[in-house]
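**Student:** the following comprises the amino acid sequence and a computationally predicted model.
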Amino acid sequence: MAIKTKDGVKINGLKPEMIMGLVITEGYFNSNGIPDIVVTSAVDGAHGFGSLHYVGYAADIRIWEIVNDFLPQFTEGLSESLGEEFDVVLESDHIHIEFQPKVKI
């Protein structure tokens, strides 16, 4: 059971909140029978303007090991595990996770 990275992924600069998010994500994957998670992008790669990847508050996780029909339910469960301070988005080939606390007024 491990957090792995795809070749070339840079994790230097990930914020502690994201490290904790990856640990929670790994636990969630493990509880669903997937022994490892693979980070496919962290502070590297090409992302949209203002992306939280560039400031260490986002990571992308490989989804190859998850049955396609189960992906929406799996992603929703991961979002619940991470809590309301994280956004979890199912993309075409990965799950995007970002730490983005909501301000309550």
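**Tutor:** Sure thing, it's come through.
**Student:** just the buried residues of stretch 55-73, please?
**Tutor:** 56-63, 66 (16 or more other C-beta atoms under 10 Å). Every residue, glycine included, has its C-beta placed from N, CA and C.
**Student:** which ones among the residues you listed map onto strands?
**Tutor:** Using DSSP state E, 58-62 are the members of the buried residues of stretch 55-73 that sit in strands.
**Student:** can you pull out the helices in the chain?
**Tutor:** 16-31, 71-82 (DSSP state H).
**Student:** just the CA trace of the first one, in CSV.
**Tutor:** As requested, C-alpha coordinates have been extracted for helix 16-31 and formatted as CSV (Å, rounded to 0.1, in the frame of the first residue of the first chain):
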residue,chain,number,x,y,z
PRO,A,16,0.8,19.8,3.9
GLU,A,17,-3.0,19.9,3.3
MET,A,18,-2.5,18.1,0.0
ILE,A,19,-0.1,15.6,1.5
MET,A,20,-2.8,14.8,4.1
GLY,A,21,-5.4,14.6,1.3
LEU,A,22,-3.2,12.1,-0.6
VAL,A,23,-2.9,10.0,2.6
ILE,A,24,-6.7,10.0,3.0
THR,A,25,-7.1,9.2,-0.7
GLU,A,26,-4.7,6.2,-0.4
GLY,A,27,-6.7,4.9,2.6
TYR,A,28,-9.9,5.3,0.6
PHE,A,29,-8.5,3.4,-2.4
ASN,A,30,-7.2,0.7,-0.1
SER,A,31,-10.6,0.3,1.5
